[in-house]
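Chemist: Quick check, what structure comes out for this input:
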Amino acid sequence: MADDVRTFFESLPSRVNPSKVAGMRNSYAFDVEGAGRWTVRVDDGTVNVSEGLEEADTTISASEDTFRQIVSGEQNPTTAYMTGKLKVRGDMGAAMKLQKLF
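Modeler: Numbers count the residues shown, from 1 in each chain. Model (predicted):
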């Protein structure tokens, strides 16, 4: 299962529609329990992913299962946040823009 999450992050730059993230300049640190940690940087239409946690505008933490459910559309991210399954620290405005990536 951790390979699924790794594949998600490795393929993210090629899956994002550049027009959807044009003008967006944010960074996100993802701590996916049981799968790994990644930093995603969005810079005006370009998405870069690096393994490991780096300083970012927003840090998102979730279990591997919750993360997989969110990216597959089985779990609403707002509901996951409200029920404590998804934790967000930092810039909430940047966190709200994440829907443009997925």
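
Chemist: chain center to the helix ranked longest in the chain, what's the gap?
Modeler: The helix that spans the most residues within the chain, counting by DSSP state H, is helix 2-15. Averaging C-alpha positions (C-alpha atoms, centre = their mean, to the nearest Å) puts helix 2-15 11 Å from its chain's average.

Chemist: after that helix, next one along is what?
Modeler: strand 25-33 (DSSP states H and E).

Chemist: by how many degrees do that following strand and helix 2-15 diverge?
Modeler: 170 degrees (axes from the mean of the first three to the mean of the last three C-alpha atoms, to 10 degrees).

Chemist: State the mean pLDDT of strand 25-33.
Modeler: Strand 25-33 comes out with an average pLDDT of 97.

Chemist: Mind listing what's buried along it?
Modeler: By 16 or more other C-beta atoms under 10 Å, the buried positions in strand 25-33 come out as 26-32. Heads up, the C-betas are built off the backbone N, CA and C, glycines and all.
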